[in-house]
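**Student:** need a 3D model of the following:
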Amino acid sequence: MSRLTQDELDHAVAYAADQPAEAGAVLQFPHLVLSVPWEAVLAFVDREPLANWGHSSRYLLMRRGMNEEMSVEARFPPFGSDVRLNWRVVYKASGTPDAALRAGRS
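**Tutor:** Have a look, this model is predicted:
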C-alpha cells in the first residue's frame, strides 16, 4: 500500500504474484520484457480497472528484505502471458466493482 500513489489508492487495483521473482529472471509480459535485478516481490498495478486494455499501468519489483524497488510503466496486464504466476488482489480502490477484478493464473 505504501508504494501506491494517491491516484492509485483512489482508482486502482493492485495484484501481487504468489511467488517471488528470482534474481536474474527475464519475465516476458505482453509488450514488455522485465529483467529482475534481485529477488523481488512482483506486483502489477492496474490504474484503470474499468477500461479496456492499452491504458496506464505499472509493474513493481520490491526487493525482499530491503527498502529498494523498481517501477516499470506498462500498457498491458500480465494476464494471459507466458509467465505462469498466480496473481491475487492485494488492493482494490473503493468503488471498484468485483467484476473489474482479474486474479488467478496468468
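
**Student:** contacts, neighbours, all on C-alpha from now
**Tutor:** Noted.

**Student:** what helix or strand is the residue positioned nearest the centre of the chain on?
**Tutor:** Residue closest to the mean C-alpha point of the chain, counted by C-alpha atoms, centre = their mean, is Phe44 at 0.6 Å. According to DSSP states H and E, Phe44 maps onto strand 40-46.

**Student:** go on, Arg88?
**Tutor:** strand 86-92.

**Student:** could you check the angle strand 40-46 makes with that strand?
**Tutor:** 60 degrees (axes from the mean of the first three to the mean of the last three C-alpha atoms, to 10 degrees).

**Student:** quick one: Leu9 is in a helix?
**Tutor:** Yes - counting by DSSP: H, G, I helix; E, B strand; the rest coil, one finds Leu9 located in a helix.

**Student:** all the strands of this protein, residue numbers only.
**Tutor:** Using DSSP state E, the strands of the chain run over 13-17, 26-29, 32-35, 40-46, 57-63, 69-74, 86-92, 104-105.

**Student:** show me what the residue nearest to the centre of the chain is bridged to.
**Tutor:** Residues in a beta bridge with Phe44, per DSSP bridges, are Tyr15, Tyr59.

**Student:** which stretches of the chain have low pLDDT?
**Tutor:** Along the chain, the parts satisfying pLDDT under 70 run over 81, 103-106.

**Student:** now the strand holding Phe44: how far from the chain's centre is it?
**Tutor:** Its chain's C-alpha centre and that of strand 40-46 lie 3 Å apart, by C-alpha atoms, centre = their mean, to the nearest Å.

**Student:** check which helices and strands that strand sits against.
**Tutor:** For strand 40-46, the packing partners by 3 or more C-alpha pairs under 8 Å, 6 or more residues apart in numbering; DSSP states H and E come out as strand 13-17, strand 57-63.

**Student:** if you compare the ones you listed, which one is most tucked away?
**Tutor:** strand 13-17 (a mean of 24; mean count of other C-alpha atoms under 10 Å).

**Student:** run the chain-centre distance for that strand.
**Tutor:** Relative to its chain's centre, strand 13-17 lies at 5 Å (C-alpha atoms, centre = their mean).

**Student:** what does it contact?
**Tutor:** Contacts of strand 13-17 with the rest of the structure, by C-alpha atoms under 8 Å, 6 or more residues apart in numbering, involve 41-49, 85-93, 101, 103.
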